[in-house]
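Enquirer: quick one, fold the following:
(3 chains)
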Amino acid sequence: MDSTEEKNDSTKEKNDNYKDDLLLRVGLNDNKAGMEGLDKEKINKIIMEATKGSRFYGNELKKEKQVNQRIENMMQQKAQITSQQLRKAQLQVDRFAMELEHSRDLSNTIVHIDMDAFYAAVEMRDNPELKDKPIAVGSVSMLSTSNYHARRFGVRAAMPGFIAKRLCPQLIIVPPNFDKYRAVSREVKEILADYDPNFMAMSLDEAYVNITKHLEERQNWPEDKRKYFIKTGNSLENDKPGKEVNKLREQERSISPLLFEDSPPDLQSPGNPFQVNFEELNNLQILQNSIVFGTSAEEVVKEMRFRIEQKTTLTASAGIAPNTMLAKVCSDKNKPNGQYQILPNRQAVMDFIKDLPIRKVSGIGKVTEKMLKALGIITCTELYQQRALLSLLFSETSWHYFLHISLGLGSTQLARTFSEISKAEEQYSLCQELCSELAQDLQKEGLKGRTVTIKLKNVNFEVKTRASTVSSVVSTAEEIFAIAKELLRTEIDADFPHPLRLRLMGVRLSGFPNEEEKKCQQRSIIGFLQPGNQALSATRCIPEKTDKDQFLKPLEMSHKKSFFDKKRSERNWSYQDTFKCETVDKQSLQTSQFFHVLKKRMSENLETLENSDNCHIFTCPVCFREQRSISLEAFNKHVDACLDGPSVSGNSKMSSRSHASSTEVNEKENVHDSVSVCEKQDYETHQKNTEITSVDSVDLAETTGNPSNTEGVDALSNKHSEEECSSLPSKSFNMEHCPQNCCAVSLENEDVASLGRKEPLQPYLYEVISDQVLVCPVCNLEQKTSDLTLFNVHVDVCLNKGIIQELRKDKVNPVNQPKESTTSTDNSGKIQKIGTKANRPGLMTKYSASKKTKPNSPKHTLDIFFK
DNA sequence: GCGGATCAC
DNA sequence: TATGGTGATCCGC
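Expert: Okay, the predicted model is just below:
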């Protein structure tokens, strides 16, 4: 609702001290206080007087201190970052940025519709006495929204009513009437559904509409289909409380066709292209009673807004853009009662983004704004310029998110909704369908789990999740459904005799047992040897192409790893899961107990393996030789020997080769293959939203082989091939066909020198990367050559020399501040990824699967959601 | 796993 | 006098 607009307004200014923060928080706006209201100083004063000394104030101060502490930590970490680290990060981030750029999708037309001051507008509409008076909807303790009149006095959403009253004694506070708002909202949604049956309602007054398809069809529509009759003038005034407002009165008025003609888009904004207030229209000399809208996106949205106003007598603002993130920002641009479009070309997007304050972006809140401001970042341009630094200071989720924003990227698809399902039979049936889909995906990923969760969202958008854990793993549709059915039945019974009125259902499986993990852990444990599985990591984000704006699994990477290794792994193993190693490493590497932990970890794994009936063949994670039918003790000894032996130091070579293998394999396709489940959205009957962001048992990402033992790798690879991947072309790596996703180890004799040999990064966006200085991440020496191939060779050679020592020495995690006498990481300098998927439409789609990052707990869930 | 922090409405 | 309620995610513990 309009609280968003108010909040955005309220934070246009950046203030460091609490007082200003508070004033901003409660919604003061420097330029809204006009002659009729109060000036800014007065408003501030009143708010402070009402606030100071209160418990609330004390708590605000406390919270502010915490944030300041976080910022301080962050600045300390920043101070420790070396220029070399920054350069490395730059390369890494830029490569990722390039990939994002390649995946940019401008083919969708997303509209964000936002009703103006919704609750207040409804109240005013239904009670003309309130018109021209300052009103707010809410209570003495909290206001939901206020009308524009009241805003001139500094009265805003999320402000306590008693303070608002002090600001504006004549303020009328209307208690909310949600039933009424819901009814109006439904009317609006009915209109939106005409343009996109799968539109995504974010709340009663906000929705995203993907009009891409509608636009296509519309091109061939005759005028008749784009013609609307105009309701009589003065309807706003004529509508009395309780009066039916939706009757279309056929009075003979018309609109100047010029106002609505298709116009060159670049003629639109930044002014309001649609400043047509229908009240004003009524004053025009209108000769006809109908209006024909054009076929452009702009016209479609004008039509939508026209229809909304005709039907509800309420105005809406809208943003039109190639993705949700941008559309949302756009809808704020010409509010109230306006619209704004970003044309679907890169330049237009970049121009728009250029000076955009990051705070305008959904998902960047007060705290993030403040933290970034401490780094000198206020606009999106600055966000982009500091990308390397951000990647070192923030979690991968966060900096990926930032990068998306600074590139003007966001979701291009909306989560799907289905129309209400109230019949129990249909609900069971849908549930069963979901279970089948889930089972297929599980099979594809080779997963079984013990916890089945259903998620239900009713027509009022209330969400419930109910879970049940069983003693043994399940994976088939029947098994899952048996459990899910009971959960659903409980919910249906609970509401009896009323039906469950659902608009979303989801089924999730989690609690993947250790066998799955261990299998892979066994093979991947050597990944610990890889420089830098710990600490900082980079999430692999599947760029939005079809529906996948969701982050896929984090791919652990380290700033300590060779840039090229990182790149290789990033590119090749985007879909692999190495975090299992990672969490442990955070501790282990920091205490330099590398091998100790490695061994410990292995024995833990092996203990589990011991309990597993089907695991009698051990593959040494160091030499990669299979150890058949030996006792655990013997195997441990073997591993110890391997670890203590000289072979370890060479593992990186294999690493290079391993990474090499699929670098040249069309990685995008691989990624898409692996997430193909995410694309199953087109269902005739129920639109579904299937998302999988995690793949369990995928640990080989950083697996390295013993360089002196290539056949070890080959052996494993072959074994793998035979067992699981026989159908795969030798050089292609298709996750979909490899349940364990460990086929990645099957390496071909790819030319190592061709690794990472992509073109040097192109100058990008606002910043030109001039003369790259290639610094070997291992020896830290600058390499004269600018030839990436030669440089790679150097790095590989370097790695072969003393990777372990380097690994320790070079291990720097700017983010993690060592805590005194503890091995845990201190992430106070990080920020978590902020906002929810639902709330950050710019980047995420809804209900992507979650993944935990604890080594010994279920790490993945596999979700299937229909929305 | 849970709770705190953050964000959005 | 007095500063919401809920849902969602990330992250550290």
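Enquirer: in the stretch 301-450 of chain A, what residue lies closest to DNA strand C?
Expert: residue A:395 (2.8 Å; C-beta to the nearest atom of the strand). For the C-beta atoms, the positions are set from N, CA and C on the backbone; glycine is no exception.
Enquirer: burial count for that residue?
Expert: A total of 20 residues lie near residue A:395 under the criterion other C-beta atoms under 10 Å.
Enquirer: where does the stretch 101-250 of chain A dip in pLDDT?
Expert: Applying pLDDT under 70 to the stretch 101-250 of chain A picks out residues A:232-250.
Enquirer: what does chain A give?
Expert: For chain A (pLDDT under 70), the answer is A:1-35, A:232-287, A:415-420, A:445, A:457-464, A:503, A:512-867.
Enquirer: what's the longest strand in it?
Expert: strand A:463-474 (DSSP state E).
Enquirer: in that strand, what's buried?
Expert: A:466, A:473, A:474 (16 or more other C-beta atoms under 10 Å).
Enquirer: again with stretch A:345-358
Expert: Going by neighbour count (16+ other C-beta under 10 Å), the buried part of stretch A:345-358 is A:348, A:349, A:350, A:352, A:353, A:356, A:357, A:358.
Enquirer: strands - which of these land there?
Expert: Among the buried residues of stretch A:345-358, none falls in strands (DSSP E).
Enquirer: and which of these is nearest DNA strand B?
Expert: Distance to DNA strand B, by C-beta to the nearest atom of the strand, is smallest for residue A:358 among the buried residues of stretch A:345-358, at 9.8 Å.
Enquirer: need the contact list for that closest one.
Expert: A:364, A:368, A:369, A:372, A:377, A:378, A:379, A:380, A:383, A:405 (C-beta atoms under 8 Å, 6 or more residues apart in numbering).
Enquirer: ok, the closest residue to residue A:407 other than its chain neighbours - how many residues close by?
Expert: Distances taken as C-beta to C-beta, 6 or more residues apart in numbering put residue A:100 closest to residue A:407, at 5.7 Å, once the chain neighbours are dropped. Using other C-beta under 10 Å as the criterion, residue A:100 is surrounded by 18 other residues.
Enquirer: any residue of the longest helix along chain A touching DNA strand B?
Expert: Looking across chain A with DSSP state H, the single longest helix is helix A:55-80. Yes: using C-beta under 7 Å from any atom of the strand, helix A:55-80 comes into contact with DNA strand B via A:63, A:66, A:67, A:70.
Enquirer: just the residues you listed now: which is nearest residue A:456?
Expert: Comparing the residues of helix A:55-80 next to DNA strand B against residue A:456 with C-beta to C-beta places residue A:63 closest, at 33.9 Å.
Enquirer: please work out how many residues are found near that closest one.
Expert: Residue A:63 sits with 14 neighbouring residues when counted by other C-beta under 10 Å.
Enquirer: distance of it relative to residue A:56?
Expert: Going from residue A:63 to residue A:56 by C-beta to C-beta, to the nearest Å gives 11 Å.
Enquirer: still on that earlier bit, name the SS class of the residue nearest to residue A:407, please.
Expert: Following DSSP: H, G, I helix; E, B strand; the rest coil, residue A:100 is assigned to helix.
Enquirer: what of the one 5 residues further on?
Expert: Counting by three-state DSSP, the backbone at residue A:105 sits in coil.
Enquirer: need the three-state assignment for the residue nearest to it when sequence neighbours are not counted.
Expert: Closest residue to residue A:105 apart from its sequence neighbours, by C-beta to C-beta, 6+ apart: residue A:412 at 4.9 Å. Classification of residue A:412 using three-state DSSP returns coil.
Enquirer: just give me the neighbour total for residue A:373.
Expert: Neighbours of residue A:373 using other C-beta under 10 Å come to 18.
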